[in-house]
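Undergrad: below are the sequence and a predicted model for it; my questions follow.
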Amino acid sequence: MSNTPQDLKYSKEHEWVRVDGTKAYIGITDFAQDELGDIVFVELPEAGSTLTVNSTFGTVESVKTVSDLFAPVSGTVVEVNDALGDSPEVVNSDPYGKGWMIVVEMSNSADLDDLLDASSYEAHVSE
């Protein structure tokens, strides 16, 4: 079974959310990076962009495929992990740490209520 930290929230589209006050750190799950294979490029929005829950905010390109990234929460992008531009493979090696993608100032914390906890996410990916 892939690594699923208990303290995060998860979307059915395989994004994770680490909540820090009103900020949400967002990346893709260990399961997602494993399914994608070697990640070669990550396209992310600019800081200041506004996201709507379930809207596309970027793409992840691997040697096998290109996948859209979907916003698990609504809000404004306040930080982007620019290091992924030079080192996209960090998403493979450390998806929950240095492989984070964006930080969003949430406009509606109730969005979190629609996300899965770790055990629900694990059940979702094992289906």
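TA: The structure has been received and is ready for your questions.

Undergrad: give me the mean pLDDT for the longest helix along the chain.
TA: When the chain is parsed with DSSP state H, its longest helix is helix 118-126. Average pLDDT, helix 118-126: 97.

Undergrad: from the contact counts, what lies against the helix or strand where Trp16 lies?
TA: According to DSSP states H and E, Trp16 maps onto strand 15-20. Contact partners of strand 15-20 among helices and strands, from 3 or more C-beta pairs under 8 Å, 6 or more residues apart in numbering; DSSP states H and E: strand 9-10, strand 23-28. All C-beta atoms are positioned from the backbone trio N, CA, C, and that covers glycine.

Undergrad: ramachandran angles for Met101?
TA: Per-residue torsions, Met101: phi -110, psi -50 (degrees, to the nearest 10).

Undergrad: quick one, what contacts the spatially most central residue of the chain?
TA: Central residue of the chain (C-alpha atoms, centre = their mean): Gly27, 2.4 Å from the mean position. Contact partners of Gly27, counting by C-beta atoms under 8 Å, 6 or more residues apart in numbering, are 15-16, 91, 95-96, 99-101.

Undergrad: same question for Asp20.
TA: Per C-beta under 8 Å, 6+ apart, neighbours of Asp20: none.

Undergrad: fine, thanks again, bye for now.
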